[in-house]
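[1] sharing a model that was predicted from the sequence below.
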Amino acid sequence: TPWIYKKYADEVFTAGLIQQAMLTDDGRTRKDPSKQYGTGGKMQGKKYMLFLVEVLKPYIDKTFRTKSERIFTGIGGSSLGGLISLYAGLKYSTIFGRLLIFSPSLWVVSGAKMEITPFNDTAPTRIYMYAGGQEGANMVPNARRVKRQLESHEFSNKKVEINLSIDPKGQHTEARWGQEFTKAIEWLF
């Protein structure tokens with residue numbers, strides 16, 4: 001997500017909150033994100049997730065000196081990017097151990113069940129989720145519902161830690177997500 005890189009990532013690294021980390025962008029544009037990240041019909045979300053786990057991550061791990069274990073690997077996004085990141089993190093929990101989920105567009109899948117791969121690893125999956133009270137009537141209740149569902153899921157076995165940050169005055173904006181970014185990264189890593 002372009003909004004994150006220059007300003008907020010620089011702040012995190014300059015402050016020394018995380019060391020020796022790499023942030024990458026998938027190169028997606030803002031053109032029709034519902035098609036890019038959606039998972040049904042002619043949507044490209046499943047192809048996107050496969051690209052991340054079968055092409056991008058292996059390329060990064062092969063090309064750069066990385067710690068490739070899931071506890072050092074995260075995925076994140078906002079709005080529809082937050083939704084697909086949540087979905088990918090749950091579906092590929094053997095790859096992603098850290099999820100940064102800002103204002104996920106849960107209304108898109110209000111009745112859908114997400115595929116969750118068992119959380120087998122000894123290290124817990126950490127999920128930082130943000131929701132704003134001014135993002136529509138259902139944003140905060142949906143975020144709380146997802147948190148409850150994940151915590152009570154038969155596979156979680158207490159191996160999922162979720163930090164749900166709610167701002168009653170928070171809006172669905174890049175500026176607000178930017179304010180949350182440092183807290184999220186600090187907690188996740």
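    The structure has been received and is ready for your questions. Keep in mind that this is a model prediction, so the values were computed, not measured.

[2] look up how far residue 172 lies from the residue nearest to residue 97 when sequence neighbours are not counted.
    Excluding the flanking residues, the one nearest residue 97 by Cβ to Cβ, 6 or more residues apart in numbering is residue 70, at 3.7 Å. Where you see a C-beta, it was placed from the backbone N, CA and C, and this is true even at glycine. Distance from residue 70 to residue 172, counting by Cβ to Cβ, to the nearest Å: 30 Å.

[3] how about residue 48?
    21 Å.

[4] looking at the two, which one has more neighbours?
    For residue 48 versus residue 172, neighbours defined as other Cβ atoms under 10 Å are more numerous around residue 48 (20 against 17).

[5] so the more buried one sits against residue 84, correct?
    Yes - assessed by Cβ atoms under 8 Å, residue 48 is found in contact with residue 84 at 6.5 Å.

[6] surely residue 184 meets residue 126?
    No - contact status for residue 184 versus residue 126: not in contact, 10.0 Å apart, counting by Cβ under 8 Å.

[7] quick one: which of the two has more around it?
    More crowded of residue 184 and residue 126, by other Cβ under 10 Å: residue 184, with 26 against 20.

[8] list the contacts for the more buried one?
    Applying Cβ atoms under 8 Å, 6 or more residues apart in numbering to residue 184 gives the contacts 76, 100, 102, 128, 130, 163, 165.
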